[in-house]
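Novice: below are the sequence and a predicted model for it; my questions follow.
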Amino acid sequence: MASNIHKTKYWHKLDEDRVQCDLCPRFCKLREGQRGLCFVRENQGGEIVLTTWGRSSGFCVDPVEKKPLNHFLPGTPVLSFGTAGCNLACKFCQNWDISKSKEIDILASEATPTMIADVAKMNDCRSVAFTYNDPVIFHEYAIETAQACREQGINSVAVTAGYICEKPREEFFRYMDAANIDLKAFDEDFYWKLTGAHLQPVLDTLQYVKNETDTWMEITTLLIPGENDSEKEITQMCEWIVEKLGSDVPLHFSAFHPDWKMKTIPPTPAATLEFARAIAIKAGLNYVYTGNIHDTEGGSTWCPGCGQLLIERDWYELGSWHLKNGHCDRCGKLIPGVFEDKPGDWGAKRMPIRMPTSTIPVNIQ
């Protein structure tokens, strides 16, 4: 296994004692031996290095709908993995044991980009997803893995909060075939108080990915009771999406559950997600979904032309399928996304994968 220390290029020297990381809008200023808020990028010898290259918190084959992506190869399996750390400080983090970890010891799996691509191929995964924590912080590892996957015809999926600077953003999304980007709220105070970040860089990323790249993009908003679930804020957010990104970007409203530093907030009622979905549809969005609740109507894809059920979803299980060559088979309307003639049959299975210790991929089920 190669060294876990990997050189990076998005930084510059401030003075003899400090360097500034230019990967994300935090612009962490670090003295020798210090790490950024993300925990994985460190000043070593006057340079910023990535300390977790080739190390993961674990691998698992999931349905692509779990990312969530509803318009990208529905029903197909995706090999998911992440590392430690995160460049946001969300008090409501649903994966806090990974993203908020300050312990390298949680990184039990070691794998080179080529090994990851090989294992994905052997397990018939159509894609590899960088998820669980934000892949922008392991920028170099994610890109090299995406390159290895592309050589084998495997797609790369980024599940990200989109908090990244312009130049690294351009390089990163050049290699991503699909992305689900968290738009955590449509309010600067929410972003600052509950995530320690700012809203505008995320909006910039959304516009860049949708308007300047070929990356397929979907958006997720986790609705937290009393924080970002008002009719006014949801309406403003949806109107912005329609104006800046278009009516065809899929939007997922997901249910919050008490976790990390917000354990006294109650879970999001299903009625809140259903109400948000109705607001979004009224604002002009064509594909709006509910998540983390059992809602076949809100989880399914409907034709905005004739109203036909196109892709029936019950959690992660697919049912009726009425697409033909990416079009509604009743009215012929083109449905945006990446579709094949038939859906995959992976279903709701979750299959943990242990990376091989040799260079020969082994599927451990």
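Specialist: Perfect, I can see it now.
Novice: please make it C-alpha for all contacts and neighbour counts, starting now.
Specialist: Noted.
Novice: flag the shaky bits of this protein, pLDDT-wise.
Specialist: 1-3, 95-109, 357-365 (pLDDT under 70).
Novice: apply 50 and report the result again.
Specialist: Segments of the chain classed as low confidence (criterion: pLDDT under 50) are 1-2, 99-101, 103-106, 358-365.
Novice: select the longest strand from it.
Specialist: The longest strand of the chain (DSSP state E) is strand 216-223.
Novice: can you list the strands that it pairs with?
Specialist: strand 178-182 (parallel), strand 251-255 (parallel) (DSSP bridges).
Novice: domains of the chain?
Specialist: 6-50, 55-353 (automatic domain parsing).
Novice: Glu274 - that's part of a strand, no?
Specialist: No. Per DSSP: H, G, I helix; E, B strand; the rest coil, Glu274 lies outside any strand segment and is helix.
Novice: what residues are up against the spatially closest residue to Arg41 that is not a sequence neighbour?
Specialist: Spatial nearest neighbour of Arg41, excluding adjacent residues (C-alpha to C-alpha, 6 or more residues apart in numbering): Leu50 at 4.7 Å. In this structure, Leu50 makes contact with 4-8, 40-42, 138, 140, judged by C-alpha atoms under 8 Å, 6 or more residues apart in numbering.
Novice: residues contacting Thr268?
Specialist: 223-225, 255-257.
Novice: redo the strands paired with strand 216-223 as CSV? Include mean neighbour count.
Specialist: Listed next are these as CSV, based on neighbours: other C-alpha atoms under 10 Å:
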stretch, mean neighbour count
strand 178-182, 24
strand 251-255, 24
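Novice: columns distance to Phe81 on top of those, output as JSON lines?
Specialist: Shown next, in JSON lines, are these (distance: least, C-alpha to C-alpha, whole Å):
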{"stretch": "strand 178-182", "distance to Phe81": "14"}
{"stretch": "strand 251-255", "distance to Phe81": "21"}
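Novice: who is the closest residue to Arg35 other than its chain neighbours paired with across the strands?
Specialist: Nearest residue to Arg35, sequence neighbours excluded (C-alpha to C-alpha, 6+ apart): Glu42, at 4.2 Å. With DSSP bridges as the criterion, Glu42 is bridged to Arg35, Val49.
Novice: surely Glu42 and Gln20 touch.
Specialist: No. The pair Glu42 / Gln20 is not scored as a contact, 10.3 Å apart, by C-alpha atoms under 8 Å.
Novice: where do the contact lists of the two overlap?
Specialist: Leu30.
Novice: between the two, which one's more packed in?
Specialist: Glu42 (25 against 22; other C-alpha atoms under 10 Å).
Novice: hmm, back to that, may I see the buried residues of the longest strand of the chain?
Specialist: In terms of neighbour count (16 or more other C-alpha atoms under 10 Å), strand 216-223 has its buried residues at 216-223.
Novice: now the element after that strand, going C-ward?
Specialist: Next in sequence after strand 216-223, counting helices and strands by DSSP states H and E, comes helix 231-244.
Novice: would you pull up how far that following helix lies from the middle of the chain?
Specialist: 21 Å (C-alpha atoms, centre = their mean, to the nearest Å).
Novice: Phe186 against Gln236, yeah?
Specialist: Yes. Using C-alpha under 8 Å, Phe186 is in contact with Gln236, at 7.5 Å.
Novice: between the two, point out the one with more neighbours.
Specialist: Phe186 (21 against 15).
Novice: re earlier: out of the strands paired with strand 216-223, flag the one nearest Asn286.
Specialist: Of all these, strand 251-255 sits nearest to Asn286, with 9.0 Å by C-alpha to C-alpha.
Novice: list the contacts of the closest one.
Specialist: 68, 218-224, 267-270, 273, 276-277, 287-293.
Novice: now distance to Cys125 too, for the contacts of Thr268, in JSON lines please.
Specialist: Shown next, in JSON lines, are the contacts of Thr268 (distance: C-alpha to C-alpha, whole Å):
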{"residue": "Leu223", "distance to Cys125": "31"}
{"residue": "Ile224", "distance to Cys125": "33"}
{"residue": "Pro225", "distance to Cys125": "36"}
{"residue": "Ala255", "distance to Cys125": "27"}
{"residue": "Phe256", "distance to Cys125": "29"}
{"residue": "His257", "distance to Cys125": "30"}
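Novice: closest to Trp240 among those?
Specialist: For these, the nearest to Trp240 is Leu223 (17.3 Å; C-alpha to C-alpha).
Novice: for the closest one, give the beta-bridge partners.
Specialist: Ala255.
Novice: that one touches Asp229, doesn't it?
Specialist: Yes. Judged on C-alpha under 8 Å, Leu223 makes contact with Asp229 at a distance of 5.6 Å.
Novice: so which of the strands paired with strand 216-223 gets nearest Leu194?
Specialist: strand 178-182 (13.9 Å).
Novice: got the CA positions of that closest one in CSV?
Specialist: Taking C-alpha atoms only, strand 178-182 is exported to CSV below (Å, rounded to 0.1, in the frame of the first residue of the first chain):
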residue,chain,number,x,y,z
ALA,A,178,-23.3,12.7,-11.4
ALA,A,179,-23.7,14.6,-8.2
ASN,A,180,-26.2,15.1,-5.5
ILE,A,181,-25.5,18.5,-3.9
ASP,A,182,-26.9,19.4,-0.5
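Novice: okay, Pro352 and Ser254: tell me how far apart.
Specialist: 24 Å (C-alpha to C-alpha, to the nearest Å).
Novice: please apply the same query to Val19.
Specialist: For Val19, the distance to Ser254 - C-alpha to C-alpha - is 38 Å.
Novice: and for Cys38, the neighbour number?
Specialist: There are 24 residues near Cys38, going by other C-alpha under 10 Å.
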